[in-house]
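Participant: sharing a sequence plus its predicted fold:
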Amino acid sequence: ISFPFLIKLSHMQRLRNLTGLPVVNMLTWWANIGTDSYLDHLADGEPLVASLYEQLFRNKRVINPLDEAFTEDAYALSGNLSDHLPALVAAFGVSAAELSLLTQTTDTTAVIKDRNLNLANLSKLYRVASFARTFKLTINEYLSIRKLSGIDPFPVSPVIVRPTGATLRFVEKVTTIRSS
C-alpha cells in the first residue's frame, strides 16, 4: 500500500460519507463503467450482481425494448451516440436537452471529444450525469461551475496523480456556492 493510494482512499471515503453511494458506483467517476458481473459477498446468499453496463444499457426495466446497438460485449460498441438518444436519456436519467449539452464536442468544457458510441464516451457521459444527480445539480449548473471554477472534477491527465482530489475540490466549490 502506497501513500498516494491511501490519499485516494481517504478522498473516496470522504466522498462516500457525503453521498452514501456504493463504492462500485463512485468508481465510475474515475474509470469506465464496469462491464463484469460480480458476487456480492456482503449480501445474503452472495447473489450475482449484473455489471453496471448491463444495469444501464441491457436492462428492460430501463430501456424497453432494448437498443440492439448496446451489445453484450461493451467493447464491441459502434455507431454514433445521436442514433441512440432514447436509450441514453433513459440510462443516464437526464433530459434530451441535458444530453445535448453533454454531447457538445466544440466547447472547451466538452465532456466528450467525439460522438462515437463506445464505452469510453458512455462512461464519461454517465460520470457527469451520475455526479450531477448525486449533488443535485442540473447538467447546465455542473458545466457552469466547471467552467467558472476551472476545476475539472474528473481529470484524465497523466500528470494528475490524485484525480479524487480534484473531485473533492469541485464538491467543496459546489458547497461554497450553495452557502453564499
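Facilitator: Thanks, I have the structure now.

Participant: lowest-confidence helix or strand of this protein?
Facilitator: Across the helices and strands of the chain, mean pLDDT, DSSP states H and E gives its lowest value to helix 23-26, namely a mean of 84.

Participant: tell me which other helices or strands whichever helix or strand comes after it touches.
Facilitator: Moving toward the C-terminus from helix 23-26, the next helix or strand (DSSP states H and E) is strand 38-39. Packing partners of strand 38-39 (3 or more C-beta pairs under 8 Å, 6 or more residues apart in numbering; DSSP states H and E): strand 48-49. In this view, the C-beta of every residue, glycine as well, is placed from N, C-alpha and C.

Participant: which residues does the strand it packs on contact?
Facilitator: Applying C-beta atoms under 8 Å, 6 or more residues apart in numbering, the set of residues contacting strand 48-49 from outside is 37-40.

Participant: chain center to that strand: distance?
Facilitator: Centroid separation for strand 48-49 versus its chain: 21 Å, with C-alpha atoms, centre = their mean, to the nearest Å.

Participant: what strands line up against it, and which way round?
Facilitator: Applying DSSP bridges, strand 48-49 is found paired with strand 38-39 (antiparallel).

Participant: return the distance of the partner strand from the chain's centre.
Facilitator: 21 Å.

Participant: kindly report the same for stretch 74-91.
Facilitator: Mean-position distance between stretch 74-91 and its chain equals 15 Å (C-alpha atoms, centre = their mean).

Participant: could you report the neighbour count for residue 178?
Facilitator: By other C-beta atoms under 10 Å, the residues close to residue 178 number 10.

Participant: and whatever helix or strand it lives in, what's buried?
Facilitator: Assigned by DSSP H and E, residue 178 belongs to helix 163-179. Neighbour-count burial for helix 163-179 flags 163-168, 170-171, 173-174 (criterion: 16 or more other C-beta atoms under 10 Å).

Participant: what about the residue in the chain sticking out farthest from the centre, distance to residue 36?
Facilitator: The centre of the chain is farthest from one residue, residue 45, which by C-alpha atoms, centre = their mean lies 29.1 Å away. Using C-beta to C-beta, to the nearest Å, we find residue 45 at a distance of 20 Å from residue 36.
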